[in-house]
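Asks: Return a 3D structure for these sequence lines:
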Amino acid sequence: MIWILIVFAVGTCVGSINAVPAWAYMGAVAASLAAALSPRYRFAFLFLAILALGALRGSTLASFPSWLLNRAANIREITGTVISYPSIGRDHLTFTIQPDNLPARIRVTFLPDGEGIAIRYGDRLHIVGKGELPEPFAGFDYPSYLARRGIFATMFVEGNGSVAFIGKRGGILRIGDGIRQRLIFRLRETLSPDDAALAQGLLLGDRSALPDDINEAFRKTGLMHVLAVSGLHLGIVLGGVWFILRRLGTRPAIAYPAVGTVVLLVLWIVGPRVSLIRASLLFAFLAVGSVLADLGWITKGSIRPLNGLGAAGVTILAVNPGQLYDAGFQLTFAATGAILIALLPQFGWQEWTSRLAERAIIPSWIAKSALDLIVISAAAQAGSAPVVALQFGTFHPLIIIANLAVIPLVTVTLWLGFVVALLSAAAALPLVAVPFGYSLRALSASVRWLSQLPATEFHVPAWMGIWIGGLAGFLFLAIHY
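Replies: This is a model prediction of the structure:
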């Protein structure tokens, strides 16, 4: 499946750069039929079919029409529906609105008066403000980033009088956003402003309230993934739930659906963030395979995490081919793929860490956990470093040390935050909030300290990413063989 993802991605890239003629689709169909009828050339025909289908999907990536872009700077008022969970800063809200009379979306930044007003997913609004075309900044292609999300313009809105509520929609997602906003309100009631802002980023992936110095410390150390709710967060939460269920003797055929319910709850409350959807899809494919194996429909040996990763990638690109150019998509699949490859049984890392842990002077389970974290961090760095260099022009040589210092603390903090979220409406919340606040301050202090170390970050040319990737692969093979 991982090879199917690579071929489909190449086809998507080709199709997005060059227009794919109609005959390509017919060729893909013919190749698929030939693959089924010709065992001798099945792989070659299948390769061509997947490549053509990827190219066809990539060709659907259309740019915004010129008349729409020309209109952006002249927008002064719009009527539409909020289609995102708003990011809630200390003095502003940011959300995406789908105008009634335009084919694309607008990213709105709203500065309310005083205590402001609550805006939720599904609200029908009439807004008065100033529209403009997004522009690149600090080497970041902001217009392309927004375009991949169907957004063609930004709009600045100031004052409560500039926003009028004319109705509401949204269904179940509106309820989820309401729960999320109440949790943010309770965090701000219970914790200090900086602690609440960090909790909002860690639990909900919303960094809009985070002070600039803390945000910069996470960026400089290469630990921004800690503040983007993704596979790391989902893995920590689900790992704990899975541990409890298995200790209770729950069969995988029951445990996986139960854990899947937790995944859906997280998606519902945190919001359908792209990074979280990617991680959820990967879990879904792995869970289905494990349930089928537990039921005896397939063998356990046929369950390969790399196949789940490939299936998740193909699904995402088939639904939204623009994700291919998204840094988050590239980082997720590069880092996760590198981790899964490093943990393949034939490379023997699990046995190596077990043997080394038995010789340690500290308890073997602590040594084993630390060694596993080092291997996973090294693999993730090997996979993601080339992408970081290509996309952002930076390299973080101390990221393994940073992960070793921070991830255990993040695990404890996330679990305390999970309890805080469950008790957010209860009178016992302040009791749990005390240790949660301590852990947040410890996390913040650790990241600040790490950011002050020398050689934390190097600025490198984009081409260095290719060199870093080649070096990482060479070192991996050299160590193993």
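Asks: from here on, contacts and neighbour counts on C-alpha atoms
Replies: OK.
Asks: what lines up beside the helix or strand containing residue 152 in the sheet?
Replies: Here residue 152, judged by DSSP states H and E, is contained in strand 151-158. Applying DSSP bridges to the sheet, strand 151-158 is found paired with strand 105-111 (parallel), strand 130-132 (antiparallel).
Asks: next helix or strand past the longest one?
Replies: When you say that, I think you mean strand 105-111. Following strand 105-111 in sequence order, the next helix or strand is strand 123-128 (DSSP H and E).
Asks: Run through who's touching that next one.
Replies: With C-alpha atoms under 8 Å, 6 or more residues apart in numbering as the test, strand 123-128 has contacts from 76-82, 157, 162-170.
Asks: Buried ones among the residues you listed?
Replies: Among these, the ones that count as buried by 16 or more other C-alpha atoms under 10 Å are 77, 78, 79, 80, 81, 82, 157, 162, 163, 170.
Asks: could you dump those residues to CSV with secondary structure and distance to residue 291?
Replies: Shown next, in CSV, are the buried ones among the contacts of strand 123-128 (DSSP: H, G, I helix; E, B strand; the rest coil; distance: C-alpha to C-alpha, whole Å):
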residue, secondary structure, distance to residue 291
77, strand, 52
78, strand, 48
79, strand, 47
80, strand, 43
81, strand, 40
82, strand, 38
157, strand, 50
162, helix, 52
163, strand, 49
170, coil, 33
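Asks: Under the pLDDT cut-off, which ranges of the stretch 301-450 of the chain? List them.
Replies: Applying pLDDT under 70 to the stretch 301-450 of the chain flags residues 301-303.
Asks: Swap in 80 and give it another go.
Replies: 301-305, 342-353, 360-366, 369-370, 373-374, 425-429 (pLDDT under 80).
Asks: where do the strands sit along it?
Replies: 394-395 (DSSP state E, counting those that start in this stretch).
Asks: what helices or strands is whichever strand or helix holds residue 261 leaning on?
Replies: Assigned by DSSP H and E, residue 261 falls within helix 252-270. Applying 3 or more C-alpha pairs under 8 Å, 6 or more residues apart in numbering; DSSP states H and E, one finds that helix 252-270 contacts helix 171-190, helix 231-247, helix 274-294.
Asks: one more time with 6 Å, if that's ok
Replies: helix 171-190 (3 or more C-alpha pairs under 6 Å, 6 or more residues apart in numbering; DSSP states H and E).
Asks: residues in contact with residue 381?
Replies: Under the criterion of C-alpha atoms under 6 Å, 6 or more residues apart in numbering, residue 381 has no neighbours.
Asks: how close does it get to residue 409?
Replies: 19 Å (C-alpha to C-alpha, to the nearest Å).
Asks: Kindly report the same for residue 9.
Replies: 36 Å.
Asks: if you count what's nearby, which of these two comes out ahead?
Replies: residue 9 (25 against 16; other C-alpha atoms under 10 Å).
Asks: Which residue, other than its chain neighbours, is closest to that one?
Replies: Excluding the flanking residues, the one nearest residue 9 by C-alpha to C-alpha, 6 or more residues apart in numbering is residue 54, at 6.4 Å.
Asks: Give me the secondary structure label for that neighbour.
Replies: helix (DSSP: H, G, I helix; E, B strand; the rest coil).
Asks: Just give the number of residues close to it.
Replies: The number of residues packed near residue 54 is 30, by other C-alpha under 10 Å.
Asks: That one: what's it in contact with?
Replies: By C-alpha under 6 Å, 6+ apart, residue 54 lies in contact with 8, 11, 12.
Asks: Would you enumerate the residues in contact with residue 439?
Replies: residue 413.
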